[in-house]
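Participant: Below: sequence and its predicted model.
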Amino acid sequence: MTAAFPPSDDNAQRVRYLEDFVVGERWISAPTPVSAEEIIAFARANDPQPMHTDPEWAATGPFKGLIASGWQIAALSMRVFVQSGGYGRTPVVGMGIDELRWRKPVRAGDVLTVEREVTAVERSQSRPDQGTIRTQVTVRNQDGDAVMTLSTLGRVPARPDGGAAS
């Protein structure tokens, strides 16, 4: 099942419980452009290396131009997903990420699309009122090249009535 962002207003406003997520469910974000100004502002605040903050230095550096911090792309992937209502109003608690890889540099003018696929849904044995969702995240540029991949694990509430859909 694939859902493109933004989801319907109904989906973005509803609470999704553990039982509402299925393995194979996919979300694809709207294209999100990345500007030089955003790259520099994020880097100055969070990753002040010259390849991210100084276009003149970056032009002669190892990437031959300004590139976004990988942390910016990780944060962007979360922002577009949450803003698009992928989890609805569900309070998902992040438990961690695995296998974070920055595959290709992101440059000013790139347009990114975030894909998330549910790869596992598991009810907690010790706390059956909640469970975990694992997702595989791939961020692609306008050419379809993967620029970042990671796996996330989040905790979500189970349906209060024991699993019956409303």
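Facilitator: Yep, that arrived. Because the structure is a prediction, the values reported are computed rather than measured. Numbers count the residues shown, from 1 in each chain.

Participant: looking at the chain, which residue ends up farthest from its center?
Facilitator: When distances to the mean C-alpha position of the chain are computed (CA atoms, centre = their mean), the maximum falls on Thr60, with 31.0 Å.

Participant: From Gln72, how far off is that one?
Facilitator: Applying CB to CB, to the nearest Å, the value for Thr60 to Gln72 is 22 Å. (C-beta placed from N, C-alpha, C; glycine too.)

Participant: pLDDT at the most centrally placed residue in the chain, what is it?
Facilitator: The chain has Ser77 as the residue nearest its centroid, 3.1 Å off, counting by CA atoms, centre = their mean. With respect to pLDDT, Ser77 scores 94.

Participant: Contacts only, for it.
Facilitator: Shown in contact with Ser77 (CB atoms under 8 Å, 6 or more residues apart in numbering): 114, 137, 139, 148, 150.

Participant: so how many other residues sit close to the closest residue to Val106 other than its chain neighbours?
Facilitator: Once flanking residues are discounted, Val106 sits nearest to Ala68: 4.1 Å by CB to CB, 6 or more residues apart in numbering. Look at Ala68: counted by other CB atoms under 10 Å, it has 28 neighbours.

Participant: Quick check: the gap between Ala68 and His52.
Facilitator: Distance, Ala68 to His52, by CB to CB: 7 Å.

Participant: Likewise for Ser77?
Facilitator: Taking CB to CB as the measure, Ser77 falls 17 Å from His52.

Participant: before we move on, what about Val82?
Facilitator: Taken as CB to CB, the span from Val82 to His52 is 24 Å.

Participant: now do Val92
Facilitator: In terms of CB to CB, Val92 sits 29 Å off from His52.

Participant: Kindly report the same for Pro157.
Facilitator: The gap separating Pro157 from His52 is 38 Å, by CB to CB.

Participant: Name the single longest helix found in the chain.
Facilitator: Identified as the longest helix of the chain according to DSSP state H is helix 70-83.

Participant: follow-up on the earlier one: identify the contacts common to Ala68 and His52.
Facilitator: Overlap of the contact sets of Ala68 and His52 (by CB under 8 Å, 6+ apart) consists of 39, 42-43.

Participant: Alpha carbons of the helix or strand in which Trp57 is found, as PDB, please.
Facilitator: According to DSSP states H and E, Trp57 maps onto helix 55-60. Extracted in PDB, the C-alpha atoms of helix 55-60 (Å, rounded to 0.1, in the frame of the first residue of the first chain):
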ATOM      1  CA  PRO A  55      30.500  28.600  -0.500                       C
ATOM      2  CA  GLU A  56      33.900  30.000  -1.500                       C
ATOM      3  CA  TRP A  57      35.800  27.500   0.600                       C
ATOM      4  CA  ALA A  58      33.400  24.700  -0.500                       C
ATOM      5  CA  ALA A  59      34.100  25.400  -4.100                       C
ATOM      6  CA  THR A  60      37.700  24.300  -3.600                       C
END
